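1. Quick one, structure for this:
(2 chains)
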Number of protein chains: 2
Amino acid sequence: MLIAANNPRISVRKIITEKDLLQVEWADGYRSQFHYLWLRDNCPSVPRINGQRNVDPLIFAAEPYPKKVCINQEKKIAIVWANDGHVSKFEPVWLRKHDYSNGTQAKWQPKLWGSEKVSSLAKADYSDILQDEAKLRNWLLSLRDDGIAVLENVPIEPDTVLEVAAHLGSLRETYWGKITNVKSVNNPVSPSFTNLTILPHTDLTYFDDPAAYLLLHYLQISNTGGEVTIVDGFKIAEVLRQEAPEKFKLLSSLPVKFRVQFTDADLSAEGEIIRLDCLGKVKSIRFSCRSIQPFNFPSEAIKPYYEAYCTFAQMCNSDEYIMRVKVNSGDLLILDNHRVLHGRTEYSGERWVQIACIERTELLSRLSVLSR
Amino acid sequence: MLIAANNPRISVRKIITEKDLLQVEWADGYRSQFHYLWLRDNCPSVPRINGQRNVDPLIFAAEPYPKKVCINQEKKIAIVWANDGHVSKFEPVWLRKHDYSNGTQAKWQPKLWGSEKVSSLAKADYSDILQDEAKLRNWLLSLRDDGIAVLENVPIEPDTVLEVAAHLGSLRETYWGKITNVKSVNNPVSPSFTNLTILPHTDLTYFDDPAAYLLLHYLQISNTGGEVTIVDGFKIAEVLRQEAPEKFKLLSSLPVKFRVQFTDADLSAEGEIIRLDCLGKVKSIRFSCRSIQPFNFPSEAIKPYYEAYCTFAQMCNSDEYIMRVKVNSGDLLILDNHRVLHGRTEYSGERWVQIACIERTELLSRLSVLSR
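-> Reported below is the predicted structural model:
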């Protein structure tokens, strides 16, 4: 629902005080209900600094009740509170926007996809993204909703990924530094630094808080192989929830450990492969058969868990869900690392990818500021 | 249970092959059971790079079964697999350490505390922490278990907090930069930058992933007021779970939004005040009555949620749970920001605190490497 301050439908037709709440009838016939507690808590008179208020929630220990409610000369809803005589004046448009009484406000939903997505990936040009805010905004919207977007014609200059990261959010440094240079090397410190196939996985699984967005800048592409494989982990989770609810339950209710050990570090974290939020919605995917540790479950869960784990891995490798993305030197892939798994096929020759990370809140803040 | 490689009790007395699993009887009479699936998955012959293996979990689609099991000349348990003739050789000490069959391995538990903790805070000296690894390790163990530790005699030099952070882990930069300078200023961008009372809260609530550890370096202490208030949020959550389970349930099952808006940023995130992990254990606390947004719950939850929210806030301000820590210039407090709330009383005069952040995995890695 679009709510504009000058929308005549948002004017208040009638207000009715009930026991615990105020009923508001709007000019368009819509009705809202606001608890006195909620109204007192959100009184606009409380001084705010950049949206932050310094308020003690204990003031609500005594339940607020209105002595008088009216629509004042400014067409605001004015409430005189019985407890302390304080007056709260609400903008109708603000109340309508924050109405929780007719079902809570719609939440963002990811757009799930399978292998067919490869033909409709959101692509943008590097120079457009730097110069054109409307194009940047649309590209970021796709990234938010699909969990993936492509940037083309990025200069094939080392460390350009840092410049792109700085344009989109704040860099998140990890154990690997500001940039991870993924190449095939002698004495690799991880299977990533070989030329072998890497199955689809999320990165930094062995961190308590894996970075949310990965920027993969392809500086050099191998002649043969090295194809990029990409899977929507949220899609797989939702298919499992529908088709194999017991497997979904196991993967979302037993934590597994991920770990990698170096001379100077011992990085480990525990988490479910499918993490749910408190409302049961899929919040994130944590999956890497490279860093996963021996399962430490109640004995009776071992066999069924392996079945669920193998099904998940199988789906991550199935033609139905896997996108095979053809990248060129100068492409930059950006991925939601809490959702989208990435891998590559075996390759020969030289290949060089630079990876940097940014966090979700900073990237969504960029999108929000562009949308003001 | 301490397991040493040379412990004679860890030698294997008997092995019995059952339908799905191998039963191991140890010299000390203890019995363990290991599923063939689990054994095949954790076969030590799989090449590893720093603990990471590049293995396809699909190999377990066909269920492994042993053709032969024996204790070989090296006193390892050797299994010849019927499926493919592959041989897996297990070190008994490794198996005993990873035994999941007699109840899963004990997990770390926080040590909960109330206001009495103030007399037994883990304190260490700045120069000791830099030079003495045993002292650093003990101090970090207390920090991990209590969620708070104090460093004394830190040089009263701006930016020393960065040096301490680098010694303990990797710096986590945020919107606020590498360091947040908390002072009372004209035109504050947040209530923090006033001289007013700030109620106990966790920091960066409006980030999807608030930083895990906060380092607060007190460069200048006000003459009057500015006392530091500290609360163990895990303790409050557990008391609520016992004494007011309905309130605990509401605070852990309804997400609330936190937000702060600036000219160049719009930072917001949703989360429960008490976040549980998939096993129902308290994972983190997210609480700030400054950045919390109007509740957007099903209408019937509004009143009971306010009751739960006020009880939580009341407990965070009660003499039973609140520690009032007397800090001096040159003190540095380190806090687990996913657990411990901090605040301050009103003050007059000049006061200057520099705050930096590090993440959990990097800090625990430091502890783990020191414990090798």
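2. Please name the residues that touch A:Asp232.
-> A:112-114, A:117, A:147, A:321, A:339-340 (C-beta atoms under 8 Å, 6 or more residues apart in numbering or on different chains). The way it works is simple: take the backbone N, C-alpha and C, and place the C-beta from them, glycine included.
3. Check A:Leu370 too.
-> A:133, A:136-137, A:140.
4. Show me which of those residues is closest to A:Lys68.
-> A:Arg137 (45.3 Å; C-beta to C-beta).
5. and that closest one, what are its phi and psi?
-> Note on A:Arg137: its backbone torsions stand at phi -60, psi -50 [degrees, to the nearest 10].
6. hmm, back to that, now the two most distant members of the contacts of A:Asp232.
-> With distances taken as C-beta to C-beta, the most widely separated pair in the contacts of A:Asp232 is A:Gly114 and A:Arg339, at 14.0 Å.
7. So if I had to pick from those two, which one is more boxed in?
-> A:Arg339 (23 against 18; other C-beta atoms under 10 Å in any protein chain shown).
8. contacting residues around that one?
-> Counted by C-beta under 8 Å, 6+ apart, A:Arg339 has contacts A:110, A:147, A:232-234, A:284-285.
9. picking up where we left off before, in helices only, show me the contacts of A:Asp232.
-> Using DSSP state H, no member of the contacts of A:Asp232 sits in helices.
10. Take those and keep only those in strands.
-> A:Val340 (DSSP state E).
11. a markdown table please, covering the contacts of A:Asp232 and showing pLDDT.
-> Compiled in a markdown table, these are given as follows (pLDDT from 0 to 100):
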| residue | pLDDT |
| --- | --- |
| A:Leu112 | 98 |
| A:Trp113 | 98 |
| A:Gly114 | 97 |
| A:Lys117 | 96 |
| A:Gly147 | 98 |
| A:Tyr321 | 98 |
| A:Arg339 | 98 |
| A:Val340 | 98 |
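12. For chain B, state which of the contacts of A:Asp232 is nearest.
-> A:Arg339 (12.7 Å; C-beta to the nearest C-beta).
13. which residue packs closest to that closest one, ignoring adjacent ones?
-> Spatially, and ignoring its direct neighbours in sequence, A:Arg339 is nearest to A:Gly147 (4.4 Å; C-beta to C-beta, 6 or more residues apart in numbering or on different chains).
14. Enumerate every residue touching the one you found.
-> Here A:Gly147 is in contact with A:110, A:232, A:234, A:335-336, A:339-340 (C-beta under 8 Å, 6+ apart).
15. Report the separation between it and B:Thr180.
-> 31 Å (C-beta to C-beta, to the nearest Å).
16. And the residue nearest to A:Gly85 when sequence neighbours are not counted, its phi and psi?
-> Of all residues not flanking A:Gly85 in the chain, A:Lys67 sits nearest, at 7.6 Å (C-beta to C-beta, 6+ apart). When read as degrees, to the nearest 10, the backbone of A:Lys67 gives phi -80, psi -40.
17. Ok, A:Asn181 next?
-> phi -90, psi 110.
18. Count residues in the vicinity of the residue nearest to A:Arg360 when sequence neighbours are not counted, would you?
-> Counting by C-beta to C-beta, 6+ apart, A:Ala212 is the residue found nearest to A:Arg360 once chain neighbours are left out, at 3.8 Å. Residue crowding around A:Ala212 was assessed by other C-beta under 10 Å; the count is 24.
19. again, but for A:Trp113
-> 22.
20. Would you confirm that it contacts A:Ala122?
-> No. At 11.4 Å, A:Trp113 and A:Ala122 do not qualify as touching, with contact defined as C-beta atoms under 8 Å.
21. ok, A:Ser119 to chain B distance?
-> Applying C-beta to the nearest C-beta, to the nearest Å, the value for A:Ser119 to chain B is 27 Å.
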